[in-house]
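Novice: Turn this into a model:
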Amino acid sequence: MPIPESELIINRDGSVYHLNLLPDHISDTIITVGDPERVPLISQHFDSIETQIHKREFVTHVGYYKGKRLTVISTGMGTDNIDILINELDALVNIDFVTREARPLEERIALRIVRVGTSGALQADIPVGSHLVTEHAVGLDSLMQFYPLVETGLEVEVATGIQQSLDLSYRPYCVRGTDLLREQLGAGMIVGNTLTCPGFYGPQGRVLRLDLRQPDLISRFQNFRHQSAEGEFRLTNFEMETAGYYALGRMLGHEVVSLNAIVANRATGEFATNAEVAVNDLIMKTLDRI
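Specialist: Residues are numbered from 1 along each chain as shown. You can find the predicted model right below:
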């Protein structure tokens, strides 16, 4: 059955609504960044750039790096933007824009989506300036209240434990990323479990002029532990998007990994004086491995 115009919005030029992209504008491998200004920092290393498109916070460059066609897209901050990004990227490759129908299962394309971003460490043993690849992501945001995410037993146990630890009225969600991408792109990096927060200040325990409902929020994050047959689970770092990537990627059948440049450590109170160096090193590491 065709998808109604109000659900899949296509611009007059045939591009998808927010990203402003046509199906042939993207490659199978996509690097995403939060900051629009970071897109040219990646594409400057391309051998050639074939497409540059800018709409709202979504800046897209498509080109070739060492003979491989790559797409770089900025997303802005938060899982609400990731909801737009992943759904519209999936539509570009798995929905026929002429018939407005989803492609048959055997014709569906699995994208490789690599988030390259910054993050803050929760544990003292994760150095500022290091690189961390996310194994599991835990979402404190509400995005998965609206989707039928299926979690494993371990994921449910971890999410339930965090709910109890933080005294939340709702259960967070927990999702493991793509093992193959994590092993390929995250070799030699710290392997961690990332907490995705629905904000930068209060949800990450920062106090400016507003007090926190839970003054010990950061220590609750830091002290959370879950024991299972797979070993001890702890939260290593936090940011604002990864859980949305992992959950939507799982449901839509895309491979997703999150690579993090650690620019702050909340346990030691440090902030990187050379944050851009850590980010640029992560960009080059990603390009050379992808």
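
Novice: hang on, residue 165 packs against residue 226?
Specialist: No: counting by Cβ atoms under 8 Å, residue 226 is not a contact partner of residue 165; they are 9.4 Å apart. Glycine gets a C-beta too; all of them are placed from N, C-alpha and C.

Novice: So between those two, which is more surrounded?
Specialist: More neighbours surround residue 226 than the other of residue 165 and residue 226, with 20 against 15 (other Cβ atoms under 10 Å).

Novice: Wasn't the more buried one part of a strand?
Specialist: Yes: counting by DSSP: H, G, I helix; E, B strand; the rest coil, residue 226 is located in a strand.

Novice: mind checking pLDDT for it?
Specialist: Confidence at residue 226, expressed as pLDDT, is 97.

Novice: Starting from residue 176, give me the distance back to the residue lying closest to it once chain neighbours are set aside.
Specialist: Of all residues not flanking residue 226 in the chain, residue 233 sits nearest, at 4.1 Å (Cβ to Cβ, 6 or more residues apart in numbering). Residue 233 sits 11 Å away from residue 176, taking Cβ to Cβ, to the nearest Å as the criterion.

Novice: Identify the contacts common to the two.
Specialist: residue 136 (Cβ atoms under 8 Å, 6 or more residues apart in numbering).

Novice: With neighbour numbers in mind, choose between these two.
Specialist: Neighbours were counted for residue 233 and for residue 176 using other Cβ under 10 Å; residue 233 has more, 22 against 17.

Novice: Doesn't the more buried one belong to a helix?
Specialist: No: counting by three-state DSSP, one finds residue 233 to be strand, located in no helix.

Novice: Can you verify my assumption that it contacts residue 194?
Specialist: No: applying Cβ under 8 Å as the test, residue 233 and residue 194 come out as separate, 12.0 Å apart.

Novice: Give the intersection of the neighbour lists for these two.
Specialist: Common neighbours of residue 233 and residue 194 (Cβ under 8 Å, 6+ apart) are residue 136.

Novice: Give me the neighbour count for residue 133.
Specialist: 21.

Novice: OK, contacts around it?
Specialist: Per Cβ under 8 Å, 6+ apart, neighbours of residue 133: 182, 185, 186, 189, 190, 191, 192, 257, 258, 259, 260.

Novice: which of the residues you listed are buried?
Specialist: Buried residues within the contacts of residue 133, counting neighbours by 16 or more other Cβ atoms under 10 Å: 182, 185, 186, 189, 190, 192, 257, 258, 259, 260.

Novice: buried set for stretch 193-208?
Specialist: 193, 194, 195, 196, 197, 198, 202, 203, 204, 205.

Novice: what sits against the last one?
Specialist: Shown here is residue 205, whose contacts under the criterion Cβ under 8 Å, 6+ apart are 212, 217, 218, 221, 266.

Novice: So which of the residues you listed belong to helices?
Specialist: Taking DSSP state H as the definition of helices, the contacts of residue 205 contribute 217, 218, 221.

Novice: Now flag whichever of the residues you listed is closest to residue 92.
Specialist: residue 221 (36.2 Å; Cβ to Cβ).

Novice: Now do the contacts for the closest one.
Specialist: Going by Cβ under 8 Å, 6+ apart, the list of residues near residue 221 reads 122, 195, 205, 235, 238.

Novice: between the residues you listed, which is nearest residue 147?
Specialist: Out of the contacts of residue 221, the member with the shortest distance to residue 147 (by Cβ to Cβ) is residue 195, at 19.3 Å.

Novice: From the contact counts, what lies against the helix or strand the closest one falls within?
Specialist: Assignment of secondary structure by DSSP states H and E places residue 195 within strand 190-196. Counting contacts by 3 or more Cβ pairs under 8 Å, 6 or more residues apart in numbering; DSSP states H and E, strand 190-196 packs against strand 131-139, strand 237-239, helix 242-252, strand 255-265.
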